[in-house]
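>>> got a predicted model here, sequence first, then my questions.
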Amino acid sequence: MYATVGGGYSNLANGANGTVAGGDNNQAAGTAATVGGGLNNWASAYGVVSGGRDNTANPNGTVPGGQSNFASGDYSLAAGRRAKAYFDGDFVWADSTDADFGSSAVNQFVVRASGGVGLG
């Protein structure tokens, strides 16, 4: 097991080839799990949390940052605030509203943008 904790406070990398680069109270808890930093983030096997706080990435999920996001499905991504990608292949982006916003089926792209959406 070649796990690495680069620094910070109260961080744990306890999976083979897992990495926590820094921050506070972060955990890389599975094979090749990665947490870049932030506060109270958790990643399991092949999951990635880049930063932010209170984020979770389950196997093969990604959270690029933000707060209280949850990427549960394989190949899912949750970003923003309280975005919940519950199923495989989901991409969920939530604005700053303090309420959960989640997917409801596999392979969904869902967005909460209370200020509107512009394309092009």
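Received the coordinates, thanks. Residues are numbered from 1 along each chain as shown.
>>> check the spatially most central residue of the chain and give its pLDDT.
For the chain, residue 63 is the residue whose C-alpha lies nearest the centre (C-alpha atoms, centre = their mean; 2.7 Å). What the model reports for residue 63 is a pLDDT of 98.
>>> now the one 3 residues further on
Here the pLDDT value assigned to residue 66 is 98.
>>> quick one: it and residue 92 touch, right?
No: using C-beta atoms under 8 Å, residue 66 is not in contact with residue 92; the gap is 10.9 Å. All C-beta atoms are positioned from the backbone trio N, CA, C, and that covers glycine.
>>> joint contacts of those two?
79, 83 (C-beta atoms under 8 Å, 6 or more residues apart in numbering).
>>> who has more neighbours out of those two?
residue 92 (27 against 23; other C-beta atoms under 10 Å).
>>> roughly how far apart are the more buried one and residue 50?
Using C-beta to C-beta, to the nearest Å, one gets 16 Å for the distance from residue 92 to residue 50.
>>> dump stretch 73-86 to PDB, keeping only the CA atoms.
Only the C-alpha atoms of stretch 73-86 are listed here, as PDB (Å, rounded to 0.1, in the frame of the first residue of the first chain):
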ATOM      1  CA  GLY A  73     -22.800   6.600  -9.200                       C
ATOM      2  CA  ASP A  74     -20.000   5.200 -11.300                       C
ATOM      3  CA  TYR A  75     -18.700   7.900 -13.700                       C
ATOM      4  CA  SER A  76     -20.900  10.600 -12.000                       C
ATOM      5  CA  LEU A  77     -20.000  14.200 -11.300                       C
ATOM      6  CA  ALA A  78     -21.600  16.500  -8.800                       C
ATOM      7  CA  ALA A  79     -20.600  20.200  -8.600                       C
ATOM      8  CA  GLY A  80     -21.800  23.400  -6.900                       C
ATOM      9  CA  ARG A  81     -23.700  23.400  -3.700                       C
ATOM     10  CA  ARG A  82     -25.600  20.300  -2.500                       C
ATOM     11  CA  ALA A  83     -25.600  18.600  -5.900                       C
ATOM     12  CA  LYS A  84     -26.400  14.900  -5.600                       C
ATOM     13  CA  ALA A  85     -25.400  12.600  -8.500                       C
ATOM     14  CA  TYR A  86     -27.100   9.400  -7.300                       C
END
